[in-house]
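[1] quick check, what structure comes out for this input:
(one chain, ligands or ions: 2)
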Amino acid sequence: MTTPGHDLSSLGWNESFAADLPAGAVPARVARVDRGAAEVITSGGHLQAVYSAPLRRAAAEDPVALPCVGDWAALTLLAEGRYELASLLPRRTAFVRGGVRRDSRGGLSGDSQGQVLAANVDVVFVAEPSVHGGDFADLGRIERLLALAWESGAQPVVVVTKADLIGEHLADLLADVAAVAPGVPLHAVASLLGEGLEVVRSHLSGSRTAVVLGASGAGKSTLVNALAGEAVMETQQVRAGDGRGRHTTVHRELIRLPVGGLIIDTPGIRRVGLYDMSQGVDMVFSDIEELAEQCRFDDCAHESEPGCAVLAALESGELPERRLASWRKLQREAQWMAGRADARVRAEQTRKWKVIHKSMRGRSRP
Ligand SMILES: Nc1nc2c(ncn2[C@@H]2O[C@H](COP(=O)(O)OP(=O)(O)OP(=O)(O)O)[C@@H](O)[C@H]2O)c(=O)[nH]1
Ligand SMILES: [Zn+2]
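    Ligands and ions are numbered 1, 2, ... in the order given. As a prediction, the model looks like this:
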């Protein structure tokens, strides 16, 4: 095993990853990916590493095997002095877009055509403004983003941003948000005023890696800059102010904060709220799942069944109507998405059979 420089631990390297590193390989974290190559950070600095032939073959079989930002990779030194990205260390967590099951996460044998958007994320900050376009924080959006966060395997943390805009009603709002985020740390910040940042920052200690999910204008970039203590991300004001488009700046996807900790920010992660989720829904609504276990019938649909614990909780006011509706809506979405993933697997199987048939026909011909 190579002894990594102290640099690597600031990138999130630890003994657990070290135990997975093949003998003689050089560890590196993927900062950005291109076609067939990745920009990685080693203890020696940034370098480009081309994918090995076995890695490319595995990726052709299943795109989940493709390196993505946040991955830890094993590099081997080629004769010409260049580095090759030989393999990926098993992922601890992953944001996967498109129907890859949890058990295949990070493995090299996903069962459908998924795409990994970010790997080895420890913390997911769900950013929701206290006030947004005249409305109060959107509880449904928080639930949806929490589902995605749980699905990834990372620890969700809800951050109510722009707390200065709601004034004296903050405590009431936080109580509402806490009710839709059982068991999830909840903080309020006013990034522009530098308030509430310390406790949010503490989730990054030990060089942990975070992503920030939230709607456009939720204050994600402002939050990251405030956490960093300097401008590491472009905010909407900057973009509007200097009139330059985003394309003019070199956009970093793995951002190391000067105060410690890392942030992954990619276009894919920015759009992740529009993608799918499934098991995450059960975790966000653990209170309803627990109620459902007490229903008289195992297959209770919580519509009109006698002895339904969910309806009883609704009746008593213990379970807010809005939350039940939100649960039903997200469940329907998750089912629809799961159905699409199944369809994709079926299409894939059909394709494989066609290939096999073709080769068999080819063989029987002279
Ligand atoms: N009042 C107040 N405004 C804030 C605060 N944080 C951010 N804003 C403002 O909200 C707007 C959006 O902030 P950004 O940080 O650019 O939002 P974003 O989530 O990164 O937006 P996208 O890049 O579009 O996804 C900017 O005009 C910020 O100045 C805050 O703590 N208080
Ligand atoms: Zn029921």
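[2] just the buried residues of the biggest strand by length in the chain, please?
    Counting residues, the longest strand found in the chain (DSSP state E) is strand 26-34. Neighbour-count burial for strand 26-34 flags 26-33 (criterion: 16 or more other CB atoms under 10 Å). Yep, even glycine has a C-beta here, placed from its N, CA and C like the rest.
[3] in CSV: the residues you listed, plus distance to L262 and pLDDT.
    Converted to CSV, the buried residues of strand 26-34 look like this (distance: CB to CB, whole Å; pLDDT from 0 to 100):
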residue, distance to L262, pLDDT
V26, 20, 96
P27, 15, 97
A28, 14, 97
R29, 9, 97
V30, 12, 97
A31, 10, 95
R32, 13, 94
V33, 16, 93
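[4] and which of those residues is nearest ligand 1?
    For the buried residues of strand 26-34, the closest approach to ligand 1 (CB to the nearest ligand atom) belongs to R32, at 18.7 Å.
[5] just list whatever residues bridge to the closest one.
    E39 (DSSP bridges).
[6] ok, it touching V69?
    Yes: contact between R32 and V69 holds when scored by CB atoms under 8 Å: they sit 6.2 Å apart.
[7] find residues that contact each of these two.
    253-254 (CB atoms under 8 Å, 6 or more residues apart in numbering).
[8] up against ligand 2, what does the stretch 151-300 of the chain have?
    By the criterion of CB under 5 Å from the ion, the positions of the stretch 151-300 of the chain lying close to ligand 2 are 295, 300.
[9] hmm, try it at 8 Å
    291-292, 295-297, 300 (CB under 8 Å from the ion).
[10] quick check: the farthest pair among these?
    L291 and F297 (13.4 Å; CB to CB).
[11] who has more neighbours out of the two?
    L291 (21 against 11; other CB atoms under 10 Å).
[12] and the longest strand of the chain, what does it pack onto?
    With contacts taken as 3 or more CB pairs under 8 Å, 6 or more residues apart in numbering; DSSP states H and E, strand 26-34 sits against strand 37-42, strand 45-51, strand 72-77, strand 83-88, strand 254-256.
[13] let me have those in TSV, adding mean pLDDT as columns.
    Output for these, formatted as TSV (pLDDT from 0 to 100):
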stretch	mean pLDDT
strand 37-42	94
strand 45-51	94
strand 72-77	96
strand 83-88	96
strand 254-256	93
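[14] out of the ones you listed, the one nearest V180 is which?
    Here strand 254-256 is closest among the helices and strands packed on strand 26-34 (CB to CB), at 29.0 Å.
[15] what does the closest one contact?
    10-11, 29-32, 41, 69-70, 224, 228, 232-233, 262-265.
[16] return the subset of the residues you listed lying in helices.
    Using DSSP state H, 224, 228 are the members of these that sit in helices.
[17] any quick ChimeraX command for the buried ones out of the contacts of strand 254-256?
    Buried residues within these, by 16+ other CB under 10 Å, are selected in ChimeraX with:
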select :11,29,30,31,32,41,69,70,224,228,232,233,262,263,264,265
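[18] residues of the stretch 201-350 of the chain that sit close to ligand 1?
    Neighbours of ligand 1 within the stretch 201-350 of the chain, by CB under 6 Å from any ligand atom: 214, 216-222, 235-237.
[19] most neighbours among the residues you listed, which one?
    Ranked by neighbours (other CB under 10 Å), those are led by G219, which has 27 neighbours.
[20] quick check: closest non-adjacent residue to that one.
    Of all residues not flanking G219 in the chain, T161 sits nearest, at 3.8 Å (CB to CB, 6 or more residues apart in numbering).
[21] mind listing what that neighbour touches?
    T161 touches 127-130, 189-191, 214, 218-220, 222-223, counting by CB under 8 Å, 6+ apart.
[22] roughly how far does T235 sit from L192?
    Distance of T235 to L192, computed by CB to CB, to the nearest Å: 10 Å.
[23] try A312
    Taking CB to CB, one finds A312 at 45 Å from L192.
[24] same check, this time on D176
    23 Å.
[25] G70 now?
    29 Å.
[26] equivalent analysis for W72, please.
    W72 sits 35 Å away from L192, going by CB to CB.
[27] I'd say P22 and S87 touch.
    Yes: the criterion here is CB under 8 Å, and P22 meets it with S87 at 6.9 Å.
[28] out of these two, which sits in the busier spot?
    S87 (22 against 12).
[29] beta partners of the more buried one?
    Here S87, judged by DSSP bridges, has bridge partners A74.
[30] same check on A210?
    According to DSSP bridges, beta-bridge pairing links A210 with V123, I263.
[31] and the pLDDT for it?
    If you check A210, the pLDDT there is 97.
[32] count of neighbours near it?
    Neighbour tally, A210, other CB under 10 Å: 24.
[33] touching, it and A118? I think so.
    No: the criterion here is CB under 8 Å, and A210 misses it with A118 at 10.2 Å.
[34] now for these two: what residues contact both?
    I264.
[35] give me the three-state assignment for V159.
    strand (DSSP: H, G, I helix; E, B strand; the rest coil).
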